[in-house]
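**Student:** what follows is a protein structure lacking sequence information:
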């Protein structure tokens, strides 16, 4: 019988859909909630999607065979700028474009045989979903966690709209190439900083997250201990507070740098000869994006303000500069510059002829004169030129200098955080409308809960220019104030799409509930998610925001846990010819073309066998052909089944059951497939019986589900293979009757012998020394030692 993958895959996809095979319901059974990060609906799945979702699907199918009640949902992260841009380009509406793309992607995902419970599908652009975004926003507003304040944004003066950092290309607007400016707008923020301690401390609970992701989260939250130092402005009562983690270098601070936006700047330059040049520089920097200002590849620029400050530790008068690389968002918006011990300060000081002083001696260098330096020394050493702290190791000096500064009131020991509140306002159409109203009499008024959802008007004009399309729809903007019934106007900003994805995993628990965002009982059963799978590019913001929302729902009394995801896997990218697949590089491999030629199951086998999940995967046409040949080899076994398998094959079967199960549990799918291939090779050498073949088919079913469903039916089984149990192995049959002992002399391979596996070390030694092949190496030579590794190795030391 021929392996007709097209017919088989269509047959079983239809069966699973009609029988709702993967429908999940709360029960008394032990649960397993597995989730892959939901996709943006671009209309076509790519190999990155195939890899991510195949990894999750195999694991879900395995857990189902293990007896778990598995929840495996899928949905679409459907709001965002790309749909708006596509709608403008294709002269259509974002909702029509998005739903068309969703339909196309769903069809492709079904072709891959993924075991999703499609009855739980969510699309974030549907009002029955974003209604609850608005509900959450109002709850946060009530708790003081949503607020409005002025903030700098990337602004295109031609399109008259804000731009995300990634939409700024070489300093210009991606759409019209006009130079992007910084503009101060009133925007909505979420007070994520209220949870900063919890977000940091609870990382300790995430033992099954990659250490790399934990480090990235920790660095983003950025808790740092240091000292806030008070630099007094010369000839003024004003003080410039500067936070530093390197108080050991304070005696080497030779100038101060303020952010151009610092509130003191315009005051300290007033009436000075430098005033015009400083204002001109501030104007120039206001047109630069933060991305450019922070980039290490761009030369740092600055100007002298004409003002001076006093270094409080030595009363030295030092100049005050402003520079583009200092931002108000970090620390106090001011830094003390120590050019001998900070490379960025070193380069800036060299460029502008500013003084330098070495205050930490490099133990590996004799240089003590700053003029001899070629670069800053940022390592550890002993204090010099540091007054009473000379001779102390710098780490010890950090503590003593901080204590002395606090005691003498010239500084304060403080903790600073890198984490800033989350800007969620977007001046665009395709997002969740922020549910707030502005009344001249009552101020900012929340939309009543009974009036949710605030729906997007379907007839907003789309050009990509002129600010938010919502502001141009009078019927949307003009409303009555919910408090006083006076004329008022709606907020026309929409929410950042990260808002949508910060709680979707909870909505999957009860996606059709219309009284609350999710059912508490359902969430108590399914959450937290046992396994989360997605790209490393979401290691910071998406995961951080999801953790924040989870803690907020806990504080509302909706859930009783702290973290949303117990275990995290970040899969590697799919490459071709050493580069990430992309249309611009012309190295895309279309999943549809592979499925039509080899079938979805062969693609699944290849994508899992080619590399471990966490590493990059290089596409190889020969690999997909090899996967297809492997399935055909398995298919042909049914034609040569025997009445009884050999004892050796049975023993290997039990070993393979153990090995593959353990590999699945650890996401070692490539080695699991290697084990199955070895087992198939053994079957071809010693024919299988029905039991052996059945167990092979069950083990392979998580990887190649359509293929194995068909074989399971061929073997005479009535029910779907998804309903059977993972085979159990016999511990007694794992014990080897014989062992191959590698024999070394002084560490060099000289021979091998087969011995009974249960022999003692002395018995093995006797057999080793009797091996004829060793005589030329050991005869007549005293044996100093005999090293024996049971079942593996014997090393004779002469």
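**Tutor:** Done, it's in. Values in this document were obtained by computation on a predicted structure and should not be read as measured data.

**Student:** start to end distance for stretch 714-731?
**Tutor:** With CA to CA, to the nearest Å as the measure, stretch 714-731 spans 30 Å from end to end.

**Student:** give me the mean pLDDT for it.
**Tutor:** The average of the pLDDT scores along stretch 714-731 is 96.

**Student:** swap in stretch 11-25?
**Tutor:** 98.

**Student:** quick one: buried residues of it?
**Tutor:** Neighbour-count burial for stretch 11-25 flags 12, 13, 16, 21, 22, 24 (criterion: 16 or more other CB atoms under 10 Å). For every residue, glycine as well, the C-beta is placed using N, CA and C.

**Student:** can you list contacts of it?
**Tutor:** Residues from elsewhere that reach stretch 11-25, judged by CB atoms under 8 Å, 6 or more residues apart in numbering: 69-73, 110-111, 113, 115-120, 705-706, 709-710, 720, 722.

**Student:** please redo it, this time with the cut-off set to 6 Å
**Tutor:** 71, 110, 115, 117, 119, 706, 709, 722 (CB atoms under 6 Å, 6 or more residues apart in numbering).

**Student:** just put the buried residues of stretch 11-25 in a markdown table and tack on distance to residue 562 and secondary structure.
**Tutor:** As requested, the buried residues of stretch 11-25 are arranged in a markdown table below (distance: CB to CB, whole Å; DSSP: H, G, I helix; E, B strand; the rest coil):
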| residue | distance to residue 562 | secondary structure |
| --- | --- | --- |
| 12 | 40 | helix |
| 13 | 39 | helix |
| 16 | 36 | helix |
| 21 | 34 | coil |
| 22 | 29 | coil |
| 24 | 24 | coil |
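
**Student:** output the below-cut-off pLDDT ranges for the stretch 451-600 of the chain.
**Tutor:** Scanning the stretch 451-600 of the chain for pLDDT under 70 picks out 464-467, 583-584.

**Student:** which residues of it fall in helices?
**Tutor:** Along the stretch 451-600 of the chain, the stretches classed as helices by DSSP state H, counting those that start in this stretch are 474-477, 497-500, 504-507, 520-526, 541-556, 591-598, 600-609.

**Student:** in TSV, list those helices along with mean neighbour count and distance to residue 214.
**Tutor:** Output for those, formatted as TSV (neighbours: other CB atoms under 10 Å; distance: least, CB to CB, whole Å):
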stretch	mean neighbour count	distance to residue 214
helix 474-477	14	43
helix 497-500	23	20
helix 504-507	24	19
helix 520-526	17	24
helix 541-556	20	10
helix 591-598	16	32
helix 600-609	26	26
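
**Student:** nearest to residue 124, out of the ones you listed?
**Tutor:** helix 497-500 (3.9 Å; CB to CB).

**Student:** residues in contact with the closest one?
**Tutor:** Helix 497-500 is contacted by residues 79, 80, 124, 133, 424, 545 when judged by CB under 6 Å, 6+ apart.

**Student:** who are the packing partners of the helix or strand containing residue 50?
**Tutor:** Counting by DSSP states H and E, the element that carries residue 50 is helix 47-65. Contacts defined by 3 or more CB pairs under 6 Å, 6 or more residues apart in numbering; DSSP states H and E place helix 47-65 against strand 31-36, strand 69-71, strand 568-571, strand 574-576, helix 600-609.

**Student:** on that earlier part again, quick one, which of the helices of the stretch 451-600 of the chain gets closest to residue 171.
**Tutor:** Of all these, it is helix 541-556 that lies closest to residue 171, at 23.4 Å by CB to CB.

**Student:** how far out from the middle of the chain is that closest one?
**Tutor:** Its chain's average C-alpha position is 15 Å from that of helix 541-556, according to CA atoms, centre = their mean, to the nearest Å.

**Student:** who's in contact with that helix?
**Tutor:** By CB under 6 Å, 6+ apart, helix 541-556 touches 192, 195, 198, 199, 498, 501, 502, 503, 559, 564.

**Student:** which of these has the most neighbours?
**Tutor:** residue 502 (26 neighbours; other CB atoms under 10 Å).

**Student:** who's in contact with it?
**Tutor:** Contacts of residue 502 by CB under 6 Å, 6+ apart are 545, 546, 549.

**Student:** so where's the chain shaky on pLDDT?
**Tutor:** Scanning the chain for pLDDT under 70 picks out the ranges 164-167, 175, 296-297, 464-467, 583-584, 736.

**Student:** for the residue minimising distance to the centre of it, give its distance to residue 81.
**Tutor:** Central residue of the chain (CA atoms, centre = their mean): residue 539, 2.2 Å from the mean position. Distance, residue 539 to residue 81, using CB to CB, to the nearest Å: 22 Å.

**Student:** on that earlier part again, ok, which pair from the contacts of stretch 11-25 is furthest apart?
**Tutor:** Using CB to CB, the contacts of stretch 11-25 span at most 22.1 Å, a distance reached by 71 and 706.

**Student:** need the buried residues of stretch 11-25 in TSV (columns: distance to residue 270).
**Tutor:** Shown next, in TSV, are the buried residues of stretch 11-25 (distance: CB to CB, whole Å):
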residue	distance to residue 270
12	78
13	74
16	74
21	75
22	70
24	68
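
**Student:** what is the nearest of those to residue 591?
**Tutor:** Residue 591 lies nearest to residue 13 out of the buried residues of stretch 11-25, by CB to CB, at 15.0 Å.

**Student:** so how many other residues sit close to residue 486?
**Tutor:** Residues contacting residue 486 under the criterion other CB under 10 Å number 11.

**Student:** excluding chain neighbours, what is closest to it?
**Tutor:** residue 441 (5.5 Å; CB to CB, 6 or more residues apart in numbering).

**Student:** can I get the helices and strands packed on helix 47-65 in JSON lines with distance to residue 767?
**Tutor:** Below are the helices and strands packed on helix 47-65 laid out as JSON lines (distance: least, CB to CB, whole Å):
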{"stretch": "strand 31-36", "distance to residue 767": "49"}
{"stretch": "strand 69-71", "distance to residue 767": "51"}
{"stretch": "strand 568-571", "distance to residue 767": "47"}
{"stretch": "strand 574-576", "distance to residue 767": "50"}
{"stretch": "helix 600-609", "distance to residue 767": "40"}
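
**Student:** can you give me the strands for the stretch 251-400 of the chain?
**Tutor:** 255-258, 302-311, 316-323, 334-337, 360-361, 382-383 (DSSP state E, counting those that start in this stretch).

**Student:** save the ones you listed as a markdown table, and put in distance to residue 416 and mean neighbour count too.
**Tutor:** Shown next, in a markdown table, are the strands of the stretch 251-400 of the chain (distance: least, CB to CB, whole Å; neighbours: other CB atoms under 10 Å):
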| stretch | distance to residue 416 | mean neighbour count |
| --- | --- | --- |
| strand 255-258 | 17 | 25 |
| strand 302-311 | 20 | 21 |
| strand 316-323 | 20 | 20 |
| strand 334-337 | 12 | 24 |
| strand 360-361 | 22 | 22 |
| strand 382-383 | 23 | 21 |
